[in-house]
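Novice: Would you be able to build a 3D model of this:
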Amino acid sequence: PDTGSTVELLVCKTNAMSSGACTGGNWCTSTAVASNPTCSYSIPTPTADGSYDAWVFVVDQFNLGASGTGTKQGSESDFTVNNVAPVVSSVTLNGGSAITLTESTTTAVSMTASVTDNNGCRNLGNTADEISSVKGYLYRSGITYTGCDTAGEANGNNCYPELTCSAGTCTNGVTTYSCSADVQYYADPTDLSYLLCNYSLCYYPDLDLYLAFSFNYFLENWLTTFNAIDNNSTSGNATLGTGVELNSLIGFTTQSLIDYGSLSAGGSNDPLNKTTVITPTGNAPFNVNISGTKLCTDYSTCSTSGKTPIDIAQQKYSLATGTSYASSTALSATPTKALIGVPKINNGTVTTKTIWWGVSIPIGTVSGIYNGLNTITVIGEGVISYGGICEKCAN
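Specialist: Next up is the predicted model:
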């Protein structure tokens, strides 16, 4: 160039330059220098991956383009933005609180996570979405993510995979995703109050069998993992750092009436032949306390004037079918533990337990319709701490 002349580099987005400027926008322009002009462009975040067109022009201080043999004025020099994997962060589960279930039904448990992709984000249905899929996975920690990362591994006890998540607004490449799992009422509890002891040992006297089949998860918790996949099938995932407990839930249903039928004075249900069936409605095993009242024709007043209330102990119960009246347990006003051993529901398979009942009508009892109230309450078979003592099993 002539003495005092300067040149300037233009990197244009289109193959069009006029009067020293890119008419279709530029990637970068240099300052005016005596020779060898350079410029640079910083790719912003987010930027979609792919190939980007670029054309190179050089002009002098009079905005005249370079010309002559060997010049590459207007040559195309494209660049590529590489695809990067999405990054999942800020995972939450149930707002950080312990999960509390509801008897006999499912409970919605929420999860959230942030997904960042330097190539873009989900624009709520835009066909050019960078993120093609975000799934949530909820599981007991002992199952691990690899044990709950496919739909075929779903298990109401401990694994809720492939949860569809909804996207919030994308801001600077970051989108918050939310999903929810309908957790079954029998999902495995992990709280310390659910440290099984005597019940499991009673029904699994072989220790190896007990260790293999008991549901002791007090050293575990519940976790969630989010997996994000972009439009190039590149994925990223993250798991909740500190899990949350899932609380034990003890409950049951049974019939509201024990009908001993018509019996004469001196008669009895022998062997015991009336039943109440205990159906669990929670996620923990239990035994029961049993108590009752007198049977009276004017219950609950139970007056003795001209009447003959039937004593509590005349009612008896047993946990085994075909039990004779004489061999059965007399009902008491004091709640008495019965080692009925209602087990935890296993992935929807419910095991019920039965209590057999009978009554003996003393000679001299005045005829009439007798009523009373028998009460069955649950006893959780856990210990609150490691120092708890398990009761001995019934013979």
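Novice: tell me the helices in the chain, going along the chain?
Specialist: Ranges of helices within the chain are 198-203, 207-213, based on DSSP state H.
Novice: Dig out what the residue most central in space within the chain forms beta bridges with.
Specialist: The residue lying closest to the centre of the chain (Cα atoms, centre = their mean) is Leu138, at 4.3 Å. On the basis of DSSP bridges, Leu138 is bridged to Tyr160, Thr224.
Novice: Thought Trp222 was touching it, still the case?
Specialist: Yes: judged on Cβ atoms under 8 Å, Leu138 makes contact with Trp222 at a distance of 6.7 Å. C-beta here means a position set from N, CA and C on the backbone, and glycine is covered the same way.
Novice: any common contacting residues for the two?
Specialist: Jointly contacting Leu138 and Trp222 under the rule Cβ atoms under 8 Å, 6 or more residues apart in numbering are Leu93.
Novice: List the beta-bridge partners for Asp182.
Specialist: Per DSSP bridges, the residues bridged to Asp182 are Ala108.
Novice: Under the pLDDT cut-off, which ranges of the protein? List them.
Specialist: Within the chain, the segments meeting pLDDT under 70 span 1-3, 122-128, 193-216, 381-395.
Novice: Distance of Asn231 relative to Trp55?
Specialist: 28 Å (Cβ to Cβ, to the nearest Å).
Novice: Repeat that for Thr102.
Specialist: Per Cβ to Cβ, Thr102 is found 65 Å from Trp55.
Novice: These two: which has the busier surroundings?
Specialist: Using other Cβ atoms under 10 Å as the criterion, Thr102 and Trp55 rank with Trp55 on top: 22 against 14.
Novice: tell me the contacts of that one?
Specialist: Taking Cβ under 8 Å, 6+ apart as the test, what Trp55 contacts is Val11, Cys12, Lys13, Thr14, Asn15, Ala16, Met17, Gly74, Ser75, Glu76, Ser77.
Novice: wait, doesn't the fourth one sit right on Gly24?
Specialist: Think Thr14. Yes: counting by Cβ under 8 Å, Thr14 touches Gly24, with 3.0 Å between them.
Novice: how about Gln73, what does it touch?
Specialist: Contacts of Gln73 by Cβ under 8 Å, 6+ apart are Val56, Phe57, Val58, Gly65, Ala66, Ser67.
Novice: Tell me what the third one is bridged to.
Specialist: This points to Val58. Under the criterion DSSP bridges, Val58 forms beta bridges with Leu9.
Novice: check contacts around it.
Specialist: Val7, Glu8, Leu9, Leu10, Pro37, Gly65, Ala66, Thr71, Gln73.
Novice: so how far is Trp27 from it?
Specialist: Using Cβ to Cβ, Val58 is found at 15 Å from Trp27.
Novice: what's the neighbour count on the residue nearest to Cys22 when sequence neighbours are not counted?
Specialist: Ranked by Cβ to Cβ, 6 or more residues apart in numbering and with sequence neighbours excluded, the top spatial neighbour of Cys22 is Cys12, at 3.5 Å. Cys12: 22 surrounding residues under other Cβ under 10 Å.
Novice: sorry, back to before: among the contacts of Val58, which one lies nearest to Phe252?
Specialist: Of all these, Leu10 has the smallest distance to Phe252: 80.2 Å, by Cβ to Cβ.
Novice: List the contacts of the closest one.
Specialist: Counting by Cβ under 8 Å, 6+ apart, Leu10 touches Met17, Gly20, Ala21, Cys22, Asn26, Thr29, Ser30, Val56, Phe57, Val58, Val59.
Novice: Same list, the residues you listed, but as TSV with distance to Thr301 please.
Specialist: Conversion of the contacts of Leu10 to TSV gives the following (distance: Cβ to Cβ, whole Å):
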residue	distance to Thr301
Met17	106
Gly20	108
Ala21	104
Cys22	101
Asn26	98
Thr29	101
Ser30	104
Val56	105
Phe57	107
Val58	110
Val59	110
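Novice: Which of the residues you listed are buried, as a PyMOL select command?
Specialist: Under the burial definition 16 or more other Cβ atoms under 10 Å, those of the contacts of Leu10 that qualify are selected in PyMOL by:
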select buried, resi 17+20+22+26+29+30+56+57+58+59
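Novice: which one of the contacts of Leu10 is nearest Ser132?
Specialist: Asn26 (32.3 Å).
Novice: Could you measure from the closest residue to the closest one other than its chain neighbours over to Asn94?
Specialist: Counting by Cβ to Cβ, 6+ apart, the nearest residue to Asn26 once its immediate chain neighbours are dropped is Cys12, at 5.3 Å. Separation of Cys12 from Asn94 (Cβ to Cβ): 53 Å.
Novice: got it, and Cys121?
Specialist: Applying Cβ to Cβ, the value for Cys121 to Asn94 is 25 Å.
Novice: again, but for Leu331
Specialist: For Leu331, the distance to Asn94 - Cβ to Cβ - is 43 Å.
Novice: Using the record's assignment, carve this protein into domains.
Specialist: Following automatic domain parsing, one finds the domains of the chain at 7-81, 87-239, 250-386.
Novice: okay, those, which one's buried deepest?
Specialist: Mean neighbour count (mean count of other Cβ atoms under 10 Å) peaks for domain 87-239 among the domains of the chain, with a mean of 18.
Novice: so how far is that domain from its chain's centroid?
Specialist: Relative to its chain's centre, domain 87-239 lies at 5 Å (Cα atoms, centre = their mean, to the nearest Å).
Novice: Show the end-to-end separation of stretch 250-266, please.
Specialist: Start to finish, the residues bounding stretch 250-266 are 40 Å apart (Cα to Cα, to the nearest Å).
Novice: and what of stretch 236-246?
Specialist: 27 Å.
Novice: With stretch 257-268 instead?
Specialist: 18 Å.
Novice: ok, back up a step: closest to Pro86 among the contacts of Trp55?
Specialist: Closest approach between those and Pro86, by Cβ to Cβ: Lys13, at 27.3 Å.
Novice: Contact partners for Thr71?
Specialist: Thr71 sits next to Val58 when contact means Cβ under 8 Å, 6+ apart.
Novice: any idea how far Thr144 is from it?
Specialist: For Thr71, the distance to Thr144 (Cβ to Cβ) stands at 63 Å.
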